[in-house]
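Undergrad: just to be clear, the model below is a prediction. Sequence and coordinates:
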Amino acid sequence: MAVRTILEYPDKRLTYEARPVDTVDDDVRRLVDDMAETMYAAKGVGLAAPQIGVSLRVFVIDTAADDEPSALLVFINPEIVDKQGVVLWEEGCLSFPGITVEIERAERVTVRALNVNGETFELNADGLFAIALQHENDHLNGKLMTDRVSLLKRRMMDREMRKRAAE
Ligand code: NI
């Protein structure tokens, strides 16, 4: 296992649509291990493979609170098959360190994906978990928080991130 470097906006690789995983094999499981280690090291609640420069449809999520045992969930080739309700949520992203922004999301989602054994599962999510699922799924489609806000807000985020990158 290894902690990988997390790509930050405006890295172009964050904007590419990721490829589906053909076979859930040991290479994919090693990738998942690295992603989990990288996410925990950065104290994130989710991480998508494109954020470490791997263009595959894989993300990990752990929304357990600090005082709860960790609860890692792995999603391979995920699909959001149902969405209900609307909610505004203040989101952050490991690719936008130090920046949070309010984004409109579905309140509840149903997701279907493969687990690390290549088995299909489906689950319903609400609260932070539903937000994280939609946020990480966006990464697989090359969509970032900047794509979900007003043009004005997007320009502010862009300016802030470029200023940080130059420091
Ligand atoms: Ni993110």
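TA: Arrived safely, thanks for sending.
Undergrad: alpha carbons only for contacts and neighbour counts from here, please
TA: Fine.
Undergrad: average model confidence for the strand or helix carrying residue 59?
TA: In this assignment (DSSP states H and E), residue 59 forms part of strand 58-61. Mean pLDDT, strand 58-61: 98.
Undergrad: which SSE is immediately downstream of it?
TA: Heading C-terminal from strand 58-61 (DSSP H and E), you reach strand 73-84.
Undergrad: CA atoms only: put that following strand into CSV for me.
TA: This file holds the C-alpha atoms of strand 73-84, laid out as CSV (Å, rounded to 0.1, in the frame of the first residue of the first chain):
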residue,chain,number,x,y,z
LEU,A,73,-17.0,1.4,1.0
VAL,A,74,-15.6,0.7,-2.5
PHE,A,75,-17.5,1.4,-5.7
ILE,A,76,-16.3,0.0,-9.0
ASN,A,77,-18.1,0.9,-12.2
PRO,A,78,-20.8,2.7,-10.2
GLU,A,79,-24.1,3.9,-11.6
ILE,A,80,-26.5,6.2,-9.9
VAL,A,81,-29.8,4.5,-10.7
ASP,A,82,-32.2,6.7,-8.8
LYS,A,83,-32.2,10.2,-7.3
GLN,A,84,-34.8,11.9,-5.1
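Undergrad: strands of this protein, start to end?
TA: All strands of the chain, identified by DSSP state E, fall at 46-48, 58-61, 73-84, 87-92, 100-105, 108-114, 120-126.
Undergrad: name the strands paired with the shortest one and say parallel or antiparallel.
TA: According to DSSP bridges, strand 46-48 has the following sheet partners: strand 58-61 (antiparallel).
Undergrad: stretch 65-81 - what's its average pLDDT?
TA: So the average pLDDT for stretch 65-81 ends up being 94.
Undergrad: span of it from start to end?
TA: End-to-end distance for stretch 65-81, by Cα to Cα, to the nearest Å: 27 Å.
Undergrad: now it, how far from the chain's geometric center?
TA: 10 Å (Cα atoms, centre = their mean, to the nearest Å).
Undergrad: got the contact list for it?
TA: 20-21, 32, 36, 57-64, 109-116, 134, 137 (Cα atoms under 8 Å, 6 or more residues apart in numbering).
Undergrad: what subset of the residues you listed is buried?
TA: 21, 32, 36, 57-63, 109-116, 134, 137 (16 or more other Cα atoms under 10 Å).
Undergrad: contacting residues for the residue nearest the centre of the chain?
TA: The centre of the chain sits closest to residue 136, judged by Cα atoms, centre = their mean, with a distance of 2.5 Å. Residue 136 makes contact with 46, 47, 48, 59 under the criterion Cα under 8 Å, 6+ apart.
Undergrad: what sits closest to the first one if chain neighbours are left out?
TA: It stands for residue 46. Nearest non-adjacent residue to residue 46, counting by Cα to Cα, 6 or more residues apart in numbering: residue 61, 4.2 Å away.
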